[in-house]
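Asker: Give me coordinates for this.
(one chain, ligands or ions: 1)
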Amino acid sequence: MTQAHRPDRIQQAMLRRLDRTLQEQYHQSLAEVLAELRIRNVLTEYEPTAETIFNVLLHTNILGQGTSPSVRSMRGAMERFVRGSYGFCSRCGKPIPASVLGDDPTATVCPNCS
Ligand SMILES: [Zn+2]
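Answerer: Numbers count the residues shown, from 1 in each chain. Sure, this is the predicted structure:
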């Protein structure tokens, strides 16, 4: 993770993208998903950090099988984030420019390799 990637901002951007995707494809906002998880007691914090939201979503299978390819690719990006491999090209291993990730937080290859 390079400094230019600024983890907080990227996480927020990923959550905004996920929210939009959920609304477009499932007519359900991320806030509604989180409210449901609160009712089920899976999420116990009232104002969870992006990190907590990532972990809770990855821990449950909400974004797993049966969801759309774009939701699954968001899940993949969140997994890479938690594992620490987020933002690096899957082919050459070099950091993916922040501008590319800003446009597509699920990008897995750098401009040279794409
Ligand atoms: Zn590359």
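Asker: Contacts only, for the residue nearest the centre of the chain.
Answerer: Taking C-alpha atoms, centre = their mean, the centroid of the chain lies closest to residue 78, which sits 3.8 Å from it. The contact partners of residue 78, by C-beta atoms under 8 Å, 6 or more residues apart in numbering, come to 14, 54, 57, 58, 63. Backbone N, C-alpha and C define where each C-beta goes, glycine included.
Asker: Would you tell me which residues of this structure are close to the ion?
Answerer: With the criterion set to C-beta under 5 Å from the ion, the chain comes near the ion through 89, 91, 92, 110, 113.
Asker: Please tell me how far residue 70 sits from residue 50.
Answerer: As judged by C-beta to C-beta, to the nearest Å, residue 70 and residue 50 stand 19 Å apart.
Asker: What of residue 93?
Answerer: From residue 93 to residue 50 the distance is 25 Å (C-beta to C-beta).
Asker: neighbour count winner among the two?
Answerer: residue 50 (18 against 10; other C-beta atoms under 10 Å).
Asker: hmm, back to that, quickly find the element holding the residue nearest to the centre of the chain.
Answerer: helix 69-83 (DSSP states H and E).
Asker: Return the set of buried residues in that helix.
Answerer: Buried positions in helix 69-83, judged by neighbour count with 16 or more other C-beta atoms under 10 Å: 70, 71, 73, 74, 75, 77, 78, 80, 81.
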